[in-house]
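> Sharing a model prediction with you, sequence too.
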Amino acid sequence: MSKPLVSVIIPVYNDEKRIIDCVNSVYDQSQINYSLEVIVVDNGSSDNTVAIIESELKTKYKDLIVESCEVPGSYAARNKGLSVCNGDFTAFTDSDCIVSNNWIEHHLENVLGIASGISAGEVKFFAEVSKKTEQSALDFENLFSMKQKDNAASGKCITANFFCYRRLFDEMGVFDDSLKSGGDVEMSQRVVKNGGSVVYSDQAVVKHPSRNKNELIVKRKRIIGGTWDSVLSSGGIIENLKFIIRLLKMFLGRSKKVIKNSSLSIRRKLGLIGLLLSIFLVSISELVALSLGKQSNRQ
């Protein structure tokens, strides 16, 4: 019996430093029980990403497929990869991620026989050597970001670690490339709505670089800005108060989770609670500024 072919699709945009480690980690797997097809889709990079892929990665891996997608957005790039892939299975990760040694093996075990299933692999965070990442920021990411076990329980999966039969996209349709974020969640929920399932794997691990404190604060401002534009700007005082209460409940709930976490030292707990407080206060101050006429921060 011939081995199944697994197509790994990696969108990339201006990530010349990390795409090499990502692709190397994919090729470094055993390939004992499957054959591998790796597709990198450049999404209009303006740095040296394409040149580095051609000079370093294509030289090392002759079978590496390199495509270009000029339509902005990672979901458009992923759809481009889907349009050229030949695999029985399709796997997705991001250009800044490092996959574990048996990443595909564990995904195959998890989803084999589940024709309309998505395998949602675990995402763990690490501190990059090229930038300063505070311990509190790393703890925040590992406790509260990209929680694939929770995602799977809710019928969702993110494309940092997403695996399924290729034919699933023929049956359910591809990613909604009009979305700049959340297209992976929309796709997986569409699958579940039509009778499919999302199955969690704690062994099919992808490592993702952690944001630092400043990056977490910037993201929080962006999230508040997006919520203001889409909901709160026309919601009135009552809706704004309800939103503030939700923010407070989230802060208190996360703080409780930190306090109860036995793997964190007291020092790390205090540092993380301090970061949670900073994120809460930034959320409130950004909401006040937006109500006074500030333009939302979407960058």
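Good, I have the coordinates.
> what pairs with residue 42 across the strands?
Counting by DSSP bridges, residue 42 is bridged to residue 12, residue 68.
> Same question for residue 206.
residue 99, residue 123.
> quick one: the strands in the chain?
5-12, 35-42, 65-68, 89-92, 98-99, 117-126, 162-165, 197-209 (DSSP state E).
> quick one: which of the ones you listed is nearest residue 269?
Evaluated over those, closeness to residue 269 peaks at strand 117-126, with 17.6 Å, by C-beta to C-beta. Backbone N, C-alpha and C define where each C-beta goes, glycine included.
> Dump the closest one to CSV, keeping only the CA atoms.
Provided in CSV are the C-alpha atoms of strand 117-126 (Å, rounded to 0.1, in the frame of the first residue of the first chain):
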residue,chain,number,x,y,z
GLY,A,117,-12.7,15.9,11.0
ILE,A,118,-10.1,18.5,11.7
SER,A,119,-7.2,17.7,14.0
ALA,A,120,-6.4,20.7,16.2
GLY,A,121,-2.9,20.4,17.5
GLU,A,122,-1.4,22.0,20.7
VAL,A,123,0.3,25.4,20.4
LYS,A,124,3.1,26.2,22.9
PHE,A,125,5.0,29.4,23.1
PHE,A,126,8.7,30.2,23.3
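> buried stuff in that strand?
117-125 (16 or more other C-beta atoms under 10 Å).
> which one of those sits closest to residue 82?
residue 118 (14.2 Å).
> got a list of what that closest one touches?
111, 157, 162-164, 168, 188, 191, 196-199 (C-beta atoms under 8 Å, 6 or more residues apart in numbering).
> same thing with residue 34?
3-6, 89, 104-105, 108.
> Which of the residues you listed scores worst on pLDDT?
The weakest per-residue confidence within the contacts of residue 34 falls on residue 3 (92).
> just for this structure, where's the confidence low?
Counting by pLDDT under 70, the chain shows low-confidence ranges at 1, 297-299.
> Helices of that one, start to end?
19-27, 49-52, 58-60, 74-84, 103-111, 135-144, 148-153, 167-172, 183-193, 213-230, 236-260, 266-291 (DSSP state H).
> Can you redo these as TSV, where the extra columns are mean neighbour count and distance to residue 206?
Output for the helices of the chain, formatted as TSV (neighbours: other C-beta atoms under 10 Å; distance: least, C-beta to C-beta, whole Å):
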stretch	mean neighbour count	distance to residue 206
helix 19-27	19	9
helix 49-52	18	20
helix 58-60	12	21
helix 74-84	22	15
helix 103-111	22	7
helix 135-144	20	13
helix 148-153	17	9
helix 167-172	15	20
helix 183-193	19	13
helix 213-230	17	19
helix 236-260	13	23
helix 266-291	16	23
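> Out of those, flag the one nearest residue 66.
Closest of the helices of the chain to residue 66 is helix 58-60, at 6.5 Å (criterion: C-beta to C-beta).
> Among the helices of the chain, which comes closest to residue 96?
Residue 96 lies closest, by C-beta to C-beta, to one member of the helices of the chain: helix 19-27, at 6.9 Å.
> quick one, that closest one and strand 197-209 angle?
130 degrees (axes from the mean of the first three to the mean of the last three C-alpha atoms, to 10 degrees).
> Let the chain start at 56 from now.
In the new count, where the first residue is 56, that last one comes out as helix 74-82.
> packing partners for helix 74-82?
strand 60-67, strand 90-97, helix 104-107, strand 153-154 (3 or more C-beta pairs under 8 Å, 6 or more residues apart in numbering; DSSP states H and E).
> quick one: which of the ones you listed is nearest residue 345?
strand 60-67 (31.3 Å).
> what's the angle between that closest one and helix 158-166?
120 degrees.
> For residue 270, which non-adjacent residue is spatially closest?
Of all residues not flanking residue 270 in the chain, residue 192 sits nearest, at 7.8 Å (C-beta to C-beta, 6 or more residues apart in numbering).
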